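A.B. asks: here is my input; please provide its structure:
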Amino acid sequence: MPDFVGAVDQGTTSTRFMIFDHDGGEVAKFQLEHEQILPRAGWVEHNPIEIRTRTAAVIQSTLQRAGLQPTDLAAIGITNQRETTVVWNRRTGRPYYNAIVWQDTRTDRIAAALERDGRGQVIRDRTGLHPDAYFSGGKIQWILENVDGVREAVDRGEAVFGTTDTWTLWNLTGGVDGGVHATDVTNASRTMLMDLDTLDWDDELLSFFGIPRPMLPEIRPSSDPAAYGVTTPFGAAAGEVPITAILGDQQAATVGQVCFSPGEAKNTYGTGNFLLLNTGTERVRSQSGLLTTVAYKFGDQPAVFALEGSIAVTGSAVQWLRDQLHIITSAPQSETLARQVEDSGGMYFVPAFSGLFAPYWRADARGAIVGMSRYNTDAHLARATLEAICYQSRDVVEAMQHDSGVVLDVLRVDGGVTANDLCMQLQSDILGVPVSRPVVAETTALGAAYAAGLAVGFWQDTDELRAHWVEDRRWEPGWSEEQREKGFAGWKKAVTKAFDWAETS
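C.D. replies: Next comes the predicted model:
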């Protein structure tokens, strides 16, 4: 058995490849950003060709930097930005249109129409999702209806759909020369097209969006001993490595945080925030604006489900301070700037750039900064941005406690924003519970590696993985209960000011 496992992490702003050893320790990584294409307000796109090129480059560069060959890897797992939609020609390998990103709101009218005529409840019952522009079904419909030639290409058997895991897998396993067209249950569960009971595409749901079934990928387990296929990063002569796992990024982070028992939860801080609570093999239907989703499926074992609170804009709000407002030049400077003041000076920032996801599901919401006076400075805005990340997470935690009855005694966190110590302290203050960060903060890639390694026996079982989890730092709450509740009440008031800005029907 080779000594290492690899993971492709195809994210919203970048693609990275990471290599892990048997202890779950990071051996090497390399990362490249890709362009964020913003054609008009509410539209967010990526260039699939750029993602394909970046993916090949990061795999090759990581192996070279580590002095390893593909045959030194027991397996590779793929994790990805979920819901982001690509439609391409399987004969030429060329996309028909840019990837429509999960943050994109152009299909909010499609979602509103589903809600008006009652089909929205069918979607909730079968998929665990709310009809929303967030998910892939409406994005596929938009491409079919608005991009010339796609509908005809589907009829010819040429046009196929995939989220970015499928696009990545197809290219890594040969592309036009026999690339594998498949996805896993976690990504399929984010499309509004898969029935959570059957774990298969649902013909009635497909009819809601006018999507032909032949353009969809095969649905496979998240960790598959049969392997999705093999890839040859340096050509066939240099050796091949099997691809044995695929998980959507938030489900991969759940595996990376070893949340394998019902009641265990994690919160990932990236472009957005995503809090998942393991509910075991039972589907828990949310009454509080959360999603029911597949957490993972390992081989022939039953699928494990989760409640999820999805937040559209958290880390990307810091990116907005950097790239649009230019009040900082790097993400870490948000902490330095925010530390110049003791609080936000009464200012609240609701970063509803793509509407509001859980628990509100308001496609009509847009960003709002409220409570300002001449006293406020850029430092107050930076602090309000960090507080917005934490208040949105509290919204989701409260909804999750209402649905599940589980009261968190600690919140496990991961993702890039967890490097911001002030933000993590604020999270503990606003929640009133300790916040714990593991040694390996990039648990999304680690989870994909764990799933890939389990498939080939690199790790024997989930108990072995639990032994690898080590806490790096813990933050304890410092706010009084009065301060905590006063701040949250102000946040709830600020959120209402973001409603009713965008026309959605």
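
A.B. asks: quickly find the element holding residue 186.
C.D. replies: Residue 186 belongs to helix 185-188 when elements are defined using DSSP states H and E.

A.B. asks: does that helix pack against any helices or strands, and if so which?
C.D. replies: For helix 185-188, the packing partners by 3 or more CB pairs under 8 Å, 6 or more residues apart in numbering; DSSP states H and E come out as strand 218-220, strand 241-248, strand 291-296. Using the backbone N, CA and C atoms, a C-beta is placed for each residue, glycine as well.

A.B. asks: please save the CA atoms from the longest one in PDB.
C.D. replies: When you say that, I think you mean strand 241-248. C-alpha atoms of strand 241-248 as PDB (Å, rounded to 0.1, in the frame of the first residue of the first chain):
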ATOM      1  CA  VAL A 241      -3.900   6.500  -9.300                       C
ATOM      2  CA  PRO A 242      -7.600   5.600  -8.600                       C
ATOM      3  CA  ILE A 243     -10.200   8.200  -7.800                       C
ATOM      4  CA  THR A 244     -12.300   6.600  -5.100                       C
ATOM      5  CA  ALA A 245     -14.300   9.400  -3.500                       C
ATOM      6  CA  ILE A 246     -16.400  12.400  -4.200                       C
ATOM      7  CA  LEU A 247     -18.100  14.600  -1.700                       C
ATOM      8  CA  GLY A 248     -19.500  18.100  -1.800                       C
END
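
A.B. asks: now mean neighbour count, mean pLDDT and distance to residue 319 too, for the helices and strands packed on helix 185-188, in JSON lines please.
C.D. replies: Below are the helices and strands packed on helix 185-188 laid out as JSON lines (neighbours: other CB atoms under 10 Å; pLDDT from 0 to 100; distance: least, CB to CB, whole Å):
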{"stretch": "strand 218-220", "mean neighbour count": "18", "mean pLDDT": "97", "distance to residue 319": "33"}
{"stretch": "strand 241-248", "mean neighbour count": "29", "mean pLDDT": "97", "distance to residue 319": "21"}
{"stretch": "strand 291-296", "mean neighbour count": "26", "mean pLDDT": "94", "distance to residue 319": "24"}
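
A.B. asks: would TSV of these with distance to residue 374 be doable?
C.D. replies: As requested, the helices and strands packed on helix 185-188 are exported to TSV (distance: least, CB to CB, whole Å):
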stretch	distance to residue 374
strand 218-220	57
strand 241-248	45
strand 291-296	42
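
A.B. asks: of all those strands, which one is nearest residue 359?
C.D. replies: With CB to CB, the closest approach to residue 359 among the helices and strands packed on helix 185-188 belongs to strand 291-296: 10.0 Å.

A.B. asks: so what are the sheet partners of the closest one and their directions?
C.D. replies: Within its sheet, strand 291-296 is paired with strand 304-311 (antiparallel), according to DSSP bridges.

A.B. asks: pLDDT of the strand it pairs with, averaged?
C.D. replies: The average pLDDT for strand 304-311 rounds to 92.

A.B. asks: stretch 181-198 too?
C.D. replies: 97.

A.B. asks: next, the buried residues of that stretch.
C.D. replies: For stretch 181-198, a neighbour-count test (16 or more other CB atoms under 10 Å) marks 181-196 as buried.

A.B. asks: pretty sure residue 103 sits against residue 44.
C.D. replies: Yes: counting by CB atoms under 8 Å, residue 103 does reach residue 44; the two are 4.6 Å apart.

A.B. asks: what do these two both touch?
C.D. replies: Here residue 103 and residue 44 share the contacting residues residue 354, scored by CB atoms under 8 Å, 6 or more residues apart in numbering.

A.B. asks: just want to know which of these two has more residues nearby.
C.D. replies: Neighbours per residue (other CB atoms under 10 Å) separate residue 103 from residue 44, with residue 103 holding more: 26 against 22.

A.B. asks: start and end of stretch 153-167, how far apart?
C.D. replies: 18 Å (CA to CA, to the nearest Å).

A.B. asks: what about residue 116, how many neighbours?
C.D. replies: Neighbours of residue 116 under the rule other CB under 10 Å: 11.

A.B. asks: mind checking the SS state of the spatially closest residue to residue 21 that is not a sequence neighbour?
C.D. replies: Residue nearest to residue 21 in three dimensions, not counting chain neighbours: residue 27, with 5.5 Å by CB to CB, 6 or more residues apart in numbering. The three-state label given to residue 27 by DSSP: H, G, I helix; E, B strand; the rest coil is strand.

A.B. asks: next, the closest residue to residue 330 other than its chain neighbours: secondary structure please.
C.D. replies: Spatial nearest neighbour of residue 330, excluding adjacent residues (CB to CB, 6+ apart): residue 322 at 6.7 Å. Three-state call for residue 322 (three-state DSSP): helix.

A.B. asks: quick check: residue 322 touching residue 329?
C.D. replies: Yes: Residue 322 is within contact range of residue 329, at 6.7 Å (criterion: CB under 8 Å).

A.B. asks: between those two, which has more neighbouring residues?
C.D. replies: Higher neighbour count among residue 322 and residue 329: residue 322, with 15 against 8, using other CB under 10 Å.

A.B. asks: hang on, the earlier thing: check what pLDDT the residue nearest to residue 21 gets.
C.D. replies: 94.

A.B. asks: how deep is it tucked in, by neighbour count?
C.D. replies: Using other CB under 10 Å, residue 27 has 17 neighbouring residues.
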